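Colleague: what follows is a predicted protein model with its sequence.
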Amino acid sequence: MEPVRIVEGRAYPWGAKNIDTDVIIPAHWLKTTSRKGLGRGAFETVRAEPGNLFDDPRYAGAPILVAGENFGCGSSREHAAWALADLGIKAVIAPSFSDIFSGNAFKNGIVPVVLPQEAIDRLVEVARDSEITVDLETMTVTTPFQDRFSFDLDPFRRDCLMQGLDEIGLTLARDTAISKFETGVAESRPWITVGSGHEGFAVEGTGRT
């Protein structure tokens, strides 16, 4: 996962409320286990409409999506976050998110920014013609017109996003501590392990591992 410190550029000025994961990525796209290519199916039903926002060349490759309340409701499919990431979206700004979607977004390097509806209305207006900046260093969303909106983010999630650490990365970052613990266990309780490679655990009295 790439570190995320500042996300800036054009934003999709959507503002739509109660967008569920089936709108974000329809169910027939869920047959794949790969994250690549899902951007083609992102907002498929919306993009079927002529003149839709997501195919407007003015917003092509926009890294920010401004949405309405309860974004990401519905099923728990992580494909929704995969599709947004594959579309190039690195931050979603909304008044509220589904808890599961918010967690999936974080795990996939997407910043879920919660701002009040008044701020969303202003950002939708600005995004039609200008860029927006989401800054994790200062925890603010700003515009070229001196708008400055502060937001909160769980400190642990913020740190992970800024360092580019997903769950695998977090585990690998603690490799030294894990190895030290395993070595200590092998030395203090050698009966637990079988062989020097700790291949398995002995079950006392059974001769099995």
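Modeller: Yes, it's here. Numbering: from 1, shown residues only.

Colleague: now do the longest helix seen in the chain: distance to the chain's middle.
Modeller: Secondary structure of the chain per DSSP state H: the longest helix is helix 175-188. Chain-centre distance of helix 175-188: 32 Å, with Cα atoms, centre = their mean, to the nearest Å.

Colleague: and it, C-alpha only, in CSV?
Modeller: Presented in CSV, the C-alpha positions along helix 175-188 are these (Å, rounded to 0.1, in the frame of the first residue of the first chain):
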residue,chain,number,x,y,z
ASP,A,175,9.0,-9.0,12.4
THR,A,176,11.9,-8.4,14.9
ALA,A,177,9.6,-8.4,17.9
ILE,A,178,7.8,-11.5,16.7
SER,A,179,11.0,-13.4,16.0
LYS,A,180,12.3,-12.4,19.5
PHE,A,181,9.2,-13.7,21.1
GLU,A,182,9.3,-17.0,19.2
THR,A,183,13.0,-17.5,20.1
GLY,A,184,12.1,-16.8,23.8
VAL,A,185,9.3,-19.3,23.8
ALA,A,186,11.6,-22.0,22.2
GLU,A,187,14.2,-21.4,24.9
SER,A,188,11.9,-21.2,27.9
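
Colleague: can you list the weak-confidence ranges in this structure?
Modeller: Per-residue confidence for the chain (pLDDT under 70) gives these ranges: 167-174, 193-209.

Colleague: show me the helices in it, by range?
Modeller: Taking DSSP H as the test, the helices found in the chain are 21-24, 44-47, 79-87, 99-107, 117-127, 155-163, 167-173, 175-188.

Colleague: re earlier: in the longest helix of the chain, what counts as buried?
Modeller: Residues of helix 175-188 classed as buried by neighbour count (16 or more other Cβ atoms under 10 Å): none. Yep, even glycine has a C-beta here, placed from its N, CA and C like the rest.
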